[in-house]
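Novice: Can you look at this prediction? I've put the sequence above it.
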Amino acid sequence: MPTSHKDPAGVERTRPLYEVVHNDKKRVAYFYDSDIGNYAYVTGHPMKPHRIRLAHSLVMNYNVYKFLEIYRAKPAVTSEMTQFHTDEYIEFLQKVTPDNMDNHMREQGKYNVGDDCPVFDGLFEFCGISAGGSMEGAARLNREKCDIAINWAGGLHHAKKSEASGFCYVNDIVLAILELLRFKKRVLYIDIDVHHGDGVEEAFYTTDRVMTVSFHKYGEYFPGTGELRDIGIGQGKHYAVNFPLRDGIDDTAYQTIFEPTISAVMEYYQPEAVVLQCGGDSLSGDRLGCFNLSMRGHANCVKFVRSFGLPTLVLGGGGYTMRNVARTWAYETGRLVGVEMDSVLPYNEYYDYYGPDYELDVRSSNMENANSCEYLEKIKNNVIENLRRTAPVPSVQMQDIPRASMGMTDDQEDEMDDLDEDENRDARMTQRQWEKKVSRHDEFEDSDDEDMAEANGVYKPNGQPRRSILDFPNPHAAPEDEMEVDSGVATPVPKPAEAAAETAGDNDDTVLEDADPQPAAVETETATEAAPAAPAPAPAPAPIDKDGDVDMDDAEDKAPEATIKTEEVEGTAVADPARKQTPLEGLLSALNDADPAKDAEEPATADTKTATKGDGEVADGAEGSKDKATSSEPEKVETAPSA
């Protein structure tokens, strides 16, 4: 039976964070730069790079990172960006800032920078991070250092050669495909963003070495391109595939068109590498989207593409409801490494974003699907017919290209590994080693790197939390603000056992009381139980007669030997407070001080109590009869707290 415990959010967890679905040992490289979430377009802009940080936090706290090689790519520089973009455009992006943008109004109009694509602090650095991750992912695929590369900061498919468009400035997808083409004969690009991937299609519209396939909303919608009849020109004719869709398409309908189309593409085109753009604005409830895909319907596309076993570069893209995009990209990361993540979200630093249900799933709504079965079938048949015209598979004569690969070479990476080892000789595991370490799916126990994981944003694993002394307060204790407050109610007389315990702490005031008539054995037992609670030294043992009882006659004869220092207070002897008196000494003293003559003056039924007041006065009362006062039965001794 699974153990039940609560995670830091107070959620009962009885299931593991993930389950292994398949273990085909795919090597997955994951590119993430922690600075990406620090950039913001402008106030109120729908594009929020912070969503990538949210997705990364889920990847870490679901423990999916254990199956990833994590890299922080080198940001792309000007010379790398100009592999596709014009020099003038990149120079403009590099120099324009919010402070000097008024001096570049003409260039802003020329390069379409201003409204959808505003100028913001760190614009060029943001583009460098996005493009650097995609290019280095492609370079690692070329060098066969991984089977799948992921860069959720990439996928900005609208950027043109010398123009910004649709929140995109630098087209990292085109730059990554150019890198793949150095080693791969044919590259397939698949786009499941709700918007048409016009920037990528335009870049490769005239070549057969890249096939672009886009599933998107068409008709009175940005960017207005992507008609079914847009199939490419020249040598690239029939190598641009567009599947125009209408509002509200759901998971079932999307699957019926996506899988047959991609299967036909794989059959007729036979690519050597795949680039998959996973725009999250095709999800249900997106701020700018109009599709009705759930998280699992969206991820089904990723899973299907992965099943072909080709080198694959997975990128982000659109997506303007942050919590939905983050959950979907994290879930798809899990599917790429072969695990199915639990539907209950683990606690993370952005946990409040996912309320009120705090679940992983992004569900479809009751939005009407405007795509009829007849319409989808007709478009699918036309697309597959166009694909047949691409046969046979285009041949490519490969030759050496003089320029070096983008990103780090193997020699540069080895140098960084050596430098990291030299600088951290005393470290059991360095940050770089931890990021590159990949766990096996069949490991039964986690490694002992929780401290390093916690430093990288992973909250405490969902195990039994360490107990604290503060976790066990006394439920009956008064609150702190009620302590040491006089309630005005008289303190009740404690029971004998409690009285003896209090006497050990403070016996300045002593009350001798005759209890109600009870058998002698009961009173003797009570006095005996109370005696061990006193911390004072035990008195000399009392003489025992032949019957086993205390011989009170001998006790009275030896009583004066007990040296009890007394002082006279208004004619009455009172025990010195500095001397702690045991219950037995108090009993003997009371028996010796009993006055038969005084007792005779009072009624026989009256109780005699001697109480020492707080100021030292003694109040006398008659109690009992002479016979009872001098009886051999031991009397019950109680101490009362000060008035």
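Specialist: The structure has been received and is ready for your questions.
Novice: need the contact list for residue 257.
Specialist: Residues counted as contacts of residue 257 (C-beta atoms under 8 Å, 6 or more residues apart in numbering) are 215, 243, 376, 379-380. Just so you know, the C-beta spots here come from the backbone N, C-alpha and C atoms, and that holds for glycine as well.
Novice: SS state for it?
Specialist: Under the three-state scheme (DSSP: H, G, I helix; E, B strand; the rest coil), the conformation of residue 257 reads as helix.
Novice: how about the strands in the stretch 201-350 of the chain?
Specialist: Listed from the start of the chain, the stretch 201-350 of the chain has strands (DSSP state E, counting those that start in this stretch) covering 210-217, 240-245, 273-277, 312-315, 339-341.
Novice: if we can go back for a sec, name the nearest of the contacts of residue 257 relative to residue 192.
Specialist: If you rank the contacts of residue 257 by distance to residue 192 using C-beta to C-beta, residue 215 comes first, at 5.5 Å.
Novice: The closest one touches residue 197, doesn't it?
Specialist: No - with contacts defined as C-beta atoms under 8 Å, residue 215 does not count as touching residue 197, sitting 9.5 Å away.
Novice: coming back round to it: which of the contacts of residue 257 lies closest to residue 108?
Specialist: Minimum separation from residue 108 among those (C-beta to C-beta) is found for residue 215, which lies at 32.6 Å.
Novice: That closest one: how many residues sit nearby?
Specialist: The criterion is other C-beta atoms under 10 Å. On that basis, residue 215 has 26 neighbouring residues.
Novice: quick one: low-confidence parts of the chain?
Specialist: Low-confidence regions of the chain, defined here as pLDDT under 70, cover residues 1-5, 9, 400-409, 426, 428, 431-437, 439-643.
Novice: repeat that for 90
Specialist: For the chain, applying pLDDT under 90 flags the ranges 1-16, 22-25, 114-115, 219, 355-357, 390-643.
Novice: rewinding a little: any residues in contact with both of residue 215 and residue 197?
Specialist: Overlap of the contact sets of residue 215 and residue 197 (by C-beta under 8 Å, 6+ apart) consists of residue 191.
Novice: and residue 56, which of the three is it?
Specialist: Put simply, residue 56 is helix when judged by three-state DSSP.
Novice: how much space between it and residue 362?
Specialist: Note on residue 56: its distance to residue 362, by C-beta to C-beta, to the nearest Å, is 18 Å.
Novice: out of these two, which sits in the busier spot?
Specialist: residue 56 (28 against 25).
Novice: Surely the more buried one touches residue 32?
Specialist: Yes - taking contacts as C-beta under 8 Å, residue 56 lies within contact range of residue 32: 5.4 Å.
Novice: mind listing what the closest residue to residue 243 other than its chain neighbours touches?
Specialist: Ranked by C-beta to C-beta, 6 or more residues apart in numbering and with sequence neighbours excluded, the top spatial neighbour of residue 243 is residue 215, at 4.7 Å. Shown here is residue 215, whose contacts under the criterion C-beta under 8 Å, 6+ apart are 191-192, 243, 245, 254, 257-258, 282.
Novice: deepest of the strands of the stretch 201-350 of the chain, which one?
Specialist: Each of the strands of the stretch 201-350 of the chain was assessed for mean neighbour count using mean count of other C-beta atoms under 10 Å. The highest is strand 312-315, with a mean of 28.
Novice: got the CA coordinates for that strand in CSV?
Specialist: Coordinates of each C-alpha in strand 312-315 appear next as CSV, following Å, rounded to 0.1, in the frame of the first residue of the first chain:
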residue,chain,number,x,y,z
THR,A,312,14.5,15.9,-33.7
LEU,A,313,14.8,19.5,-32.6
VAL,A,314,11.8,20.6,-30.5
LEU,A,315,11.1,24.3,-30.1
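Novice: Which neighbours do residue 56 and residue 32 have in common?
Specialist: Overlap of the contact sets of residue 56 and residue 32 (by C-beta under 8 Å, 6+ apart) consists of residue 152.
Novice: Dump the contacts of residue 215 to CSV, plus distance to residue 132.
Specialist: Rendered in CSV, the data for the contacts of residue 215 read as follows (distance: C-beta to C-beta, whole Å):
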residue, distance to residue 132
191, 21
192, 24
243, 31
245, 32
254, 32
257, 34
258, 30
282, 26
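Novice: Residue 134: which of these is nearest?
Specialist: Looking at the contacts of residue 215 and their distance to residue 134, the nearest is residue 191, at 14.1 Å (C-beta to C-beta).
Novice: what's near enough to touch the residue nearest to that closest one when sequence neighbours are not counted?
Specialist: By the measure of C-beta to C-beta, 6+ apart, the closest residue to residue 191 outside its immediate chain neighbours is residue 197, 3.7 Å from it. Neighbour list for residue 197: 157-158, 173, 189, 191, 212, 214, 216, 226, 277 [criterion: C-beta under 8 Å, 6+ apart].
Novice: would you turn these into a markdown table with distance to residue 311?
Specialist: Listed next are those as a markdown table, based on distance: C-beta to C-beta, whole Å:
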| residue | distance to residue 311 |
| --- | --- |
| 157 | 20 |
| 158 | 25 |
| 173 | 15 |
| 189 | 13 |
| 191 | 18 |
| 212 | 18 |
| 214 | 21 |
| 216 | 25 |
| 226 | 26 |
| 277 | 16 |
